[in-house]
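Visitor: Structural data only, the sequence is not supplied:
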C-alpha cells in the first residue's frame, strides 16, 4: 500500500492526486493507494480517498505503507521518517494557489541530506521509479538539543538572548 498525504492545509492539492492517479493508470504504481486528502475534493475510481484520519489511523497507515508520497509539510515528512519510511515529497506551490508560499525550502533541505526523494529534482514518475532502490539516510532528531537550549535560556538568571549566547 502507498500512502499519499495532502495534509490539512485549507487549499486544494488536486495536482498531486491527478499525478498519482495517472501513474496508477500507467501501471507505474501497482500497489493500492490511499490518499489522505484534507480539503482537496477529488473523486476517483482507482484511489481510496479519505479526507481526514485520526492520529491512530494516520500512524497505522504510515507504518503499513511501502512508501509515502507527501506534500512538503514538516509534520508529515518527520512522522514518515520517524517510522523509517521512504518518502517522496511534492511541494505545494503558491502559483497554483495550493499554499500561501512554496513548500520548497524544507523539501530541498531533506533532499540534500538524502532523507527523502524530491519531486523538485526528478518529477513524480522518476521518484516512483527510484523509490525501491533508494537508500535514505537515517534521520536523527535534534529535539533534545533544542529543548536544552530553551531550558538553559529559561533557567539562566541573566536572561540574555539565546541568540547572543550562541554567537558569543
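Guide: Structure received. Computed from a prediction, not measured in an experiment: that's the story for all the values here.
Visitor: Next one: the residue nearest the centre of the chain from residue 118, what distance?
Guide: What sits nearest the mean C-alpha location of the chain, by CA atoms, centre = their mean, is residue 77, with 3.3 Å. Between residue 77 and residue 118 the computed distance is 11 Å (CB to CB, to the nearest Å). Glycine gets a C-beta too; all of them are placed from N, C-alpha and C.
Visitor: gap between residue 51 and residue 37?
Guide: Using CB to CB, one gets 5 Å for the distance from residue 51 to residue 37.
Visitor: Tell me who's in contact with the closest residue to residue 83 other than its chain neighbours.
Guide: Excluding its sequence neighbours, the residue lying closest to residue 83 (CB to CB, 6 or more residues apart in numbering) is residue 62, at 5.2 Å. For residue 62, the residues meeting the contact criterion (CB atoms under 8 Å, 6 or more residues apart in numbering) are 3, 68, 79, 80, 83, 85.
Visitor: In ChimeraX, how would I select the buried members of those residues?
Guide: Provided next is the ChimeraX selection string for whichever of the contacts of residue 62 are buried by 16 or more other CB atoms under 10 Å:
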select :3,68,79,80,85
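Visitor: Among the contacts of residue 62, which are located in strands?
Guide: Using DSSP state E to define strands, the subset of the contacts of residue 62 located there is 3, 68.
Visitor: isn't residue 115 right next to residue 86, touching?
Guide: No - counting by CB atoms under 8 Å, residue 86 is not a contact partner of residue 115; they are 9.7 Å apart.
Visitor: anything in contact with each of the two?
Guide: Counting by CB under 8 Å, 6+ apart, the contacts common to residue 115 and residue 86 are residue 136.
Visitor: that older thread, which of the contacts of residue 62 lies closest to residue 108?
Guide: Nearest to residue 108 among the contacts of residue 62 is residue 80, at 16.9 Å by CB to CB.
Visitor: how close does the closest one get to residue 24?
Guide: As it turns out, when the distance is counted by CB to CB, residue 80 lies 20 Å from residue 24.
Visitor: what do you get for residue 67?
Guide: If you measure residue 67 against residue 24 using CB to CB, the figure is 14 Å.
Visitor: And the two? Which one has more around it.
Guide: Summary of the neighbour comparison: residue 67 and residue 24, criterion other CB atoms under 10 Å, with residue 67 having more neighbours (20 against 17).
Visitor: can you tell me which residues contact that one?
Guide: 2, 85, 86, 87, 88, 131.
Visitor: if we can go back for a sec, so when I look at the residue nearest to the centre of the chain, I'm seeing a strand, right?
Guide: No - using DSSP: H, G, I helix; E, B strand; the rest coil, the secondary structure at residue 77 is helix, not a strand.
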